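*Asks:* need coordinates for the following:
(one chain, ligands or ions: 1)
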Amino acid sequence: MRLNPFAGVYLTDPASMWRRILDDPGEVHHAEDLDLWLISRHADVRRALADTTTFTNARTLAPVYQVCPEAMNVLIQLDAPPTTAAADPPVHPRTRRALRATFANTAERVEAEYGAIVRRRVDQLVSRLAARQGERVDLITELATELPLLVVLDILGVPDGDVARIRSWADGQIALVWGQPDPAEQVRLAQGLLDFWHYCEKLVRQRVDDGHPGNDFIGRALAYRDGDDAVLTVPEVASLAFNLLVAGHETTAGLLAHALDQALSSPRHWTDLTADPGGVPAFVAETLRFAPAIDGWLRVTSRDVTLGTVTIPAGARCLLLIGAANRDPAVFAHPDQFAPDRTDVGNHLSFGHGPHFCIGAGLARLEAQIAITRLTEAIPGLRLATAQQRSYKPNVAFRAHHTLLAVIDVVAPADVPATRDAATPEAAAA
Ligand code: HEM
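*Replies:* You can find the predicted model right below:
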């Protein structure tokens, strides 16, 4: 089977590719061009996410292609210890314990510890948008990518002034690992990643040297280690920050972008949400299932493993197609329909499953819910700009819009007309 995530149908209409793979009687496919084993059925993806002894994380953050020697020379200087998504036992259970203790990860803790930060940042950004009555804005740059980054900087205790370079480094890491950069770009991105890591090391080292760790995430992680390297080392604290700055940013940006796209592409959805914002949490949950911000995730096998009739050899890289699993008819009724009132939505795998389950799931949900609710209140006439084509950044893991253009209307009546000129099949099915 061929899978080109960087061009053609997988980039413009991934759902049709997921359907083709799911409809094929073979359980698992080998994508020869990328040398990746494609795992698509819900039960198999769930098992692979949970069984971290067989499907290990060691190469989850390693580039999906053969890196050029010049970029490799830069990458070998990166000495960030693996802590979360790239760590396996025995390191992962220890660093995961540290993360659970220092980063709010239940709905109650997230609301109590991060609710005020999220509301303050949402109010800032939505008020700025509402002040632009009648203008055409890009919801991606003005809101979706801005909000999660500002929130995660506040949580970690990183200065606002560093937003631009952190955004550029984090975007660069996503393109370097899961994109298809040419050799010159690989070198530039690899150098950016190294600079990003040195920045995180310095941020943490300064706190240690100051002797005033503070009460933000970095301060809490340093207090948690309490000088004991067996609990957590100082470089591991820096590595946690390094991971969170990326994990907390483009992922939630994707959730917001897909939710706004779904909501505004159908006038019925937007009017329903403005009339009853109580429907926002269910809408966000269905967006997570239907259009996951991460729709493919990498694992590497530690031994030969048989799924159905197919044996994947040891040492093989597998792409867990979360987007396909979320549309498996064995689990979801009418899986290609966007249905915020569905009862099976809780089975989606968009935040993973098992030992590496997303630590930021509660935060991502809260950000999306507060942002959309606030938008429906402040800009009820918000509508998509006409004549725009959807396009996504070429990437094997992250499905990120390039732009989502909308018109600001703070007073329009609720029954806005349909504006989607170039409807994706997902929206057409909605
Ligand atoms: C819609 C938003 C998000 C999505 C779709 C998402 C998705 C995921 C997925 C699929 C995993 C599992 C990785 C694996 O099994 O190897 C994961 C892990 C993780 N996520 Fe998220 N994430 C989101 C938001 C966030 C946020 C806001 C943060 C923090 C600020 C965050 C931090 C992490 C971390 C640290 C891990 C690694 C956990 C571990 O390895 O133990 N994520 N995320």
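*Asks:* tell me the contacts of the residue of the chain found nearest the ligand?
*Replies:* Closest residue of the chain to the ligand, CB to the nearest ligand atom: Gly360 (2.0 Å). Any C-beta I mention is one placed from the backbone N, CA and C, and that applies to glycine too. Applying CB atoms under 8 Å, 6 or more residues apart in numbering, we find Gly360 in contact with Phe103, Asn105, Leu244, Ala247, Gly248, Thr251, Thr252.
*Asks:* and for Val280?
*Replies:* Taking CB under 8 Å, 6+ apart, we find Val280 in contact with Leu273, Gln369, Ile372, Thr373, Thr376.
*Asks:* surely the first one is in contact with Gly279?
*Replies:* Yes - because the distance of 5.8 Å satisfies CB atoms under 8 Å, Leu273 is recorded as touching Gly279.
*Asks:* list, one by one, the residues from the chain near the ligand.
*Replies:* Applying CB under 6 Å from any ligand atom, we find that the chain lies next to the ligand at 49, 57, 60, 84-85, 96, 152, 243-244, 247-248, 251-252, 255, 292-294, 297, 350-352, 356, 358-360, 363-364.
*Asks:* could I get the contacts of Gly360 as JSON lines with secondary structure?
*Replies:* Below are the contacts of Gly360 laid out as JSON lines (DSSP: H, G, I helix; E, B strand; the rest coil):
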{"residue": "Phe103", "secondary structure": "coil"}
{"residue": "Asn105", "secondary structure": "coil"}
{"residue": "Leu244", "secondary structure": "helix"}
{"residue": "Ala247", "secondary structure": "helix"}
{"residue": "Gly248", "secondary structure": "coil"}
{"residue": "Thr251", "secondary structure": "helix"}
{"residue": "Thr252", "secondary structure": "helix"}
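*Asks:* from those, which shows the smallest pLDDT?
*Replies:* Ranked by pLDDT, these bottom out at Gly248 (91).
*Asks:* which one is that one nearest to, not counting chain neighbours?
*Replies:* Closest residue to Gly248 apart from its sequence neighbours, by CB to CB, 6 or more residues apart in numbering: Val152 at 3.7 Å.
*Asks:* please report the confidence value the model assigns to the one you found.
*Replies:* What the model reports for Val152 is a pLDDT of 97.
*Asks:* name the element it belongs to?
*Replies:* helix 146-156 (DSSP states H and E).
*Asks:* now do the buried residues in the helix or strand that that helix is followed by.
*Replies:* For helix 146-156, the following helix or strand on the C-terminal side (DSSP H and E) is helix 163-178. Applying a neighbour-count criterion of 16 or more other CB atoms under 10 Å, one finds Ile166, Arg167, Trp169, Ala170, Asp171, Gly172, Gln173, Ile174, Ala175, Leu176, Val177, Trp178 buried in helix 163-178.
*Asks:* other SSEs contacting the helix or strand following helix 163-178?
*Replies:* Next helix or strand after helix 163-178 toward the C-terminus (DSSP H and E): helix 183-210. Using 3 or more CB pairs under 8 Å, 6 or more residues apart in numbering; DSSP states H and E, the elements in contact with helix 183-210 are helix 69-75, helix 163-178, helix 217-225, helix 234-247.
*Asks:* distance between helix 183-210 and the chain's centre?
*Replies:* Computed by CA atoms, centre = their mean, to the nearest Å, the chain-centroid distance of helix 183-210 equals 21 Å.
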